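Colleague: next input, structure requested:
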Amino acid sequence: MLNRVVILSSFALLASAAFVSPAAALTMKECSVKYQAAKADGSAKDIKWNDYRAKFCGSEAAAEDAADDKQVAATTEKEPAKATIKAPKGVAFPNGVDKKYSSETPAKARLKTCVDSYHKNKNDGTLGDLK
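Modeller: Now for the predicted structure:
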């Protein structure tokens, strides 16, 4: 009887340990975002997804990532630089929603007002390099 209890309890302990995943490991979505960012900046040139996931998305990588996030947060508290791109001369942007779209939802009214403004600028030839 004692033998069975010991065997069953050890089996239950092993089974529960087998199904526990490391708490610090990245989720597949987080790892995918990290992989896409690495591909975009060129740091993951020749690494395939499975190799990247094994190397950079395990529990050790997650602990390193948390330390990196703390460093990044400490260095990025400044305001980003203002945009220096200006619209070409002659382009007119709408100041408000056109009254003829007041029966539409706010999002559709803004969209249609902007489309009208775009077509007017296009017909006037004042778009410059804007698309």
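
Colleague: Phe56: neighbouring residues, count only.
Modeller: By other Cβ atoms under 10 Å, the residues close to Phe56 number 19. From N, CA and C alone the C-beta is placed, and that goes for glycine too.

Colleague: now do it against Val33, distance only.
Modeller: 12 Å (Cβ to Cβ, to the nearest Å).

Colleague: what about the longest helix in the chain?
Modeller: helix 106-124 (DSSP state H).

Colleague: give me the contact list for that one.
Modeller: 90-94, 96-98, 101-102, 104, 127, 130 (Cβ atoms under 8 Å, 6 or more residues apart in numbering).

Colleague: redo those as JSON lines? Include secondary structure and pLDDT.
Modeller: Putting the contacts of helix 106-124 into JSON lines (DSSP: H, G, I helix; E, B strand; the rest coil; pLDDT from 0 to 100) gives the following:
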{"residue": "Gly90", "secondary structure": "coil", "pLDDT": "76"}
{"residue": "Val91", "secondary structure": "coil", "pLDDT": "79"}
{"residue": "Ala92", "secondary structure": "coil", "pLDDT": "76"}
{"residue": "Phe93", "secondary structure": "coil", "pLDDT": "79"}
{"residue": "Pro94", "secondary structure": "coil", "pLDDT": "85"}
{"residue": "Gly96", "secondary structure": "coil", "pLDDT": "89"}
{"residue": "Val97", "secondary structure": "coil", "pLDDT": "90"}
{"residue": "Asp98", "secondary structure": "coil", "pLDDT": "88"}
{"residue": "Tyr101", "secondary structure": "helix", "pLDDT": "93"}
{"residue": "Ser102", "secondary structure": "coil", "pLDDT": "89"}
{"residue": "Glu104", "secondary structure": "coil", "pLDDT": "92"}
{"residue": "Leu127", "secondary structure": "coil", "pLDDT": "78"}
{"residue": "Leu130", "secondary structure": "coil", "pLDDT": "71"}
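
Colleague: neighbour count and distance to Asp116 for those - can I get that in TSV?
Modeller: As requested, the contacts of helix 106-124 are exported to TSV (neighbours: other Cβ atoms under 10 Å; distance: Cβ to Cβ, whole Å):
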residue	neighbour count	distance to Asp116
Gly90	11	17
Val91	15	14
Ala92	11	11
Phe93	9	12
Pro94	14	8
Gly96	8	12
Val97	17	11
Asp98	15	7
Tyr101	16	9
Ser102	9	14
Glu104	15	12
Leu127	15	14
Leu130	11	15
